[in-house]
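S.K.: Got a predicted structure here, sequence first:
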Amino acid sequence: MRVTKVSSIFSSDLFKYTIYVAGLFILLFLVLECFFRWIVPAPEFPERALDTTYDVYKFEPNQEGLYTRGRLIEAKAEWIINNEGWNSEKEYVKGAHIIPIIGDSYVQTLFFNPENHLYNLFQEADPVHDYYAFGIQGASLSQYLNILKYTVTQFDVDSAIIVIDEKDIIESITNLSSMPRNMQLKIKGDEIQEVPPTYFEHPLRQFIKNFATFRYFYMNFEFQLDVGNAKVHKSKKVIKKADGKKQQAVNYIIDEMLKIKPDLVLCFILDADRKAIYKGEEKENSDYYPYFKNYHDNERVVLLDLQDTLQNHYQKYQQKFELSESDHHWNLPTYKLIVNKTIADFVEK
């Protein structure tokens, strides 16, 4: 009797080669994971959460981690998320008399160790008052309204400092950008509608965050691809023609802020046009000032326009204000300069 040998796919050369290659990739990935966790550590990011009571987007409380910047880790900093879900080593006491500092990543400051956080710089320069930071990356001017409501409700607040930087205004308007993590304004003619934030972490983004290799190439190597909840802006042409909507948004937000509490005083720190400063173009005001100038004479609103301050400083010292060429956040000397100006022109007055 003749027996026919049946070949199996599992014993084929192609299958063996596939297993061999897959094994090499897995081994390489494990080596890279170890390398980017302990040798050249990739940045870690705190888990985020939406406080549905106030529609405030912040962090899950009580976390710690390491933030790194640059391909060869030119800088690193520890971050500590406190009991209230903000990047601060200080535990927040509800009902405490404070001056809140509200903003986006400029206030969040994951890139500095706690001793150099903005609230600590204020605290060191002015030990009389108690400063709490409420910063979250990607927040907009409209979202600052919700954060201010939260701070006034949870703490004893008579005055607040709000940092305004690039895109804070356009990211407040649904007509100009898509920022579902923020409360935004839908503007149609003279009608303005508040659109509450929605929390959604894209599964792919959540998956990537679990692996140091992906985090390194995404952040340190700057091979970035926005996935889910990305900042989607309209074209520059559309945004340029939307000055009317931007003015409506600023007026609405500030008016709503002033309604939160009688006699509440607001200090807006307006970032300078740093590109113009480096080019030697002298400007009287920042690009944001025209939208806020209606409140120049309001006794409950203080406008700290940084254009003149940073302009004079650069002309004198020829020192740039950024962390690096690729990271446009203020560096530590600039933060200290701004803190001193704010205390002199706002807090002490």
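M.R.: That came in fine, so what should we check first?
S.K.: From the structure, what's the count of residues near the residue nearest to residue 36 when sequence neighbours are not counted?
M.R.: Leaving aside its sequence neighbours, residue 36 sits nearest to residue 212 (Cβ to Cβ, 6 or more residues apart in numbering; 3.9 Å). C-beta coordinates here come from the backbone N, C-alpha and C atoms, glycine included. Residue 212 sits with 20 neighbouring residues when counted by other Cβ atoms under 10 Å.
S.K.: same deal with the one 4 residues further on?
M.R.: Residue crowding around residue 216 was assessed by other Cβ under 10 Å; the count is 23.
S.K.: Might you report the residue contacts of it?
M.R.: Going by Cβ atoms under 8 Å, 6 or more residues apart in numbering, residue 216 touches 36, 40, 42-43.
S.K.: Could you provide those residues in a markdown table, with additional columns for neighbour count, pLDDT and secondary structure?
M.R.: Below are these laid out as a markdown table (neighbours: other Cβ atoms under 10 Å; pLDDT from 0 to 100; DSSP: H, G, I helix; E, B strand; the rest coil):
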| residue | neighbour count | pLDDT | secondary structure |
| --- | --- | --- | --- |
| 36 | 21 | 93 | helix |
| 40 | 15 | 92 | coil |
| 42 | 25 | 93 | coil |
| 43 | 22 | 93 | coil |
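S.K.: is it possible to export the residues you listed to JSON lines including distance to residue 60?
M.R.: Below are the contacts of residue 216 laid out as JSON lines (distance: Cβ to Cβ, whole Å):
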{"residue": "36", "distance to residue 60": "23"}
{"residue": "40", "distance to residue 60": "27"}
{"residue": "42", "distance to residue 60": "20"}
{"residue": "43", "distance to residue 60": "17"}
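S.K.: Would you agree the residue nearest to residue 36 is in contact with residue 31?
M.R.: No: if you go by Cβ atoms under 8 Å, residue 212 and residue 31 don't touch, sitting 11.5 Å apart.
S.K.: So for stretch 173-189, what gets flagged as buried?
M.R.: Within stretch 173-189, the residues that count as buried by 16 or more other Cβ atoms under 10 Å are 173-177, 179-185, 187.
S.K.: shaky segments in the chain?
M.R.: Filtered on pLDDT under 70, the chain yields the residue ranges 1-10, 200, 222-232, 234.
S.K.: please redo it, this time with the cut-off set to 50
M.R.: Flagging of the chain using pLDDT under 50 yields the residue ranges 1, 3-6, 223-230.
S.K.: Helices of that one, start to end?
M.R.: 13-34, 105-108, 118-125, 141-154, 203-209, 212-215, 236-240, 243-259, 274-278, 289-292, 307-317, 332-342 (DSSP state H).
S.K.: Who are the packing partners of the first one?
M.R.: With contacts defined as 3 or more Cβ pairs under 8 Å, 6 or more residues apart in numbering; DSSP states H and E, the secondary structure elements packing on helix 13-34 are helix 212-215.
S.K.: So which bits of the helix it packs on are buried?
M.R.: Result for helix 212-215 [16+ other Cβ under 10 Å]: buried residues 212-215.
S.K.: Specify which member of the residues you listed is nearest to residue 156.
M.R.: Using Cβ to Cβ, residue 215 comes nearest to residue 156 of these, at 39.2 Å.
S.K.: picking that back up, check the buried residues of helix 212-215 against residue 57 and report the nearest one.
M.R.: Closest approach to residue 57 among the buried residues of helix 212-215 (Cβ to Cβ): residue 215, at 20.9 Å.
S.K.: thinking again about what came up before, farthest pair in the buried residues of stretch 173-189?
M.R.: Across the buried residues of stretch 173-189 (Cβ to Cβ), the longest gap, 19.2 Å, separates 181 and 187.
S.K.: got a list of what the residue nearest to residue 36 touches?
M.R.: 32-33, 36-37, 41-42.
S.K.: again, 7 Å this time
M.R.: 33, 36-37, 42 (Cβ atoms under 7 Å, 6 or more residues apart in numbering).
S.K.: and if you look at residue 168?
M.R.: Counted by Cβ under 7 Å, 6+ apart, residue 168 has contacts 140-141.
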